[in-house]
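S.K.: Okay, sequence plus prediction incoming.
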Amino acid sequence: MHLYSNLSNIMAGRRKIKEEDAKKLDAHWELGEHFTRLVRYAKRDGSKEWFREYLDYEAAASVIKAYEALAVPGLLQLPEYAAALIGELGTLEAEDQVKRRIARQAILGKRPAPNLYVLLSQNALEWPVGGTEVMRKQLAHLLEMAEKPNVGIRVVPRSCGAHAGFDGSFTLIYGDAGDVAYIEAPGRGRLVESPSEVREYWDRYDRIGQVALPVAPSLRLIREALEAL
């Protein structure tokens, strides 16, 4: 009965079909992976729509966990840093994109605020995005944000060698709206809503965390990177 209720809502446009739904429909009608493949194709072709949906999850989040392989995560970026990153992508309306990215950071100051936990590659600390002065301000901003009770920053040092984050950056969100993951990719991203796949990214985040430095050594490494500029 639950399957047919979900199907009715999907057909009426009241509910977006998720990969878990597609798998159940494929199994029920013995269609192999017909609906599952269609959902995956839709995710690839509708990245802008998926990102808007991700922002809804982010705004309602109680916990956000991010692993960043190359850059400071958007929720911790200064405008100058964000402008340097977005400007190099050659995207249209870069100034508006910067404003929207910075506006998203307001969620960290609301009450109750979500807890933000970041695993940050050491590469992100040493790559001078926007030049020396911009990077100096950005690193100082990281240290300031790390003092907030709802923000935790840990660094994944290069000395750890290969680790579970080599596939790229991703963000995990936990909240009343559900658990999701957002996977970054060149030119587009992908929202993951399938519970089984989201669990895989939670596991990956934990494995990266096992090789990350504790908080105090992480902040010391950020200070050292700041002083080296």
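M.R.: That came through fine.

S.K.: what's the distance between stretch 205-219 and the middle of its chain?
M.R.: How far stretch 205-219 lies from its chain's middle: 17 Å, per CA atoms, centre = their mean, to the nearest Å.

S.K.: buried set for it?
M.R.: Within stretch 205-219, the residues that count as buried by 16 or more other CB atoms under 10 Å are Tyr205, Ile208, Gly209, Val211, Ala212, Leu213, Ser218, Leu219. (Glycine included, C-beta is placed from N, CA and C.)

S.K.: Tell me the one among these nearest to Ile153.
M.R.: Closest approach to Ile153 among the buried residues of stretch 205-219 (CB to CB): Ser218, at 6.1 Å.

S.K.: host element of the closest one?
M.R.: In the assignment (DSSP states H and E), Ser218 maps to helix 215-228.

S.K.: Can I get that helix as CSV, trimmed to CA atoms?
M.R.: Provided in CSV are the C-alpha atoms of helix 215-228 (Å, rounded to 0.1, in the frame of the first residue of the first chain):
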residue,chain,number,x,y,z
VAL,A,215,41.5,20.3,16.7
ALA,A,216,44.4,21.9,18.6
PRO,A,217,47.2,20.7,16.2
SER,A,218,44.9,21.6,13.3
LEU,A,219,44.6,25.2,14.4
ARG,A,220,48.3,25.3,15.0
LEU,A,221,48.9,24.3,11.4
ILE,A,222,46.5,27.0,10.2
ARG,A,223,48.5,29.6,12.3
GLU,A,224,51.7,28.3,10.8
ALA,A,225,50.3,28.7,7.3
LEU,A,226,49.2,32.2,8.1
GLU,A,227,52.6,33.2,9.5
ALA,A,228,54.3,31.7,6.5
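
S.K.: Which secondary structure elements does that helix sit against?
M.R.: Contact partners of helix 215-228 among helices and strands, from 3 or more CB pairs under 8 Å, 6 or more residues apart in numbering; DSSP states H and E: helix 122-126, helix 132-145, strand 151-156.

S.K.: How many residues are close by the closest residue to Val211 other than its chain neighbours?
M.R.: Distances taken as CB to CB, 6 or more residues apart in numbering put Cys160 closest to Val211, at 4.0 Å, once the chain neighbours are dropped. Residues within reach of Cys160, counting by other CB atoms under 10 Å, total 15.

S.K.: and what of the one 10 residues further on?
M.R.: Using other CB under 10 Å as the criterion, Phe170 is surrounded by 23 other residues.

S.K.: partner residues bridging the closest residue to it other than its chain neighbours?
M.R.: Excluding the flanking residues, the one nearest Phe170 by CB to CB, 6+ apart is Ile183, at 4.9 Å. Judged by DSSP bridges, the bridge partners of Ile183 are Phe170, Arg190.
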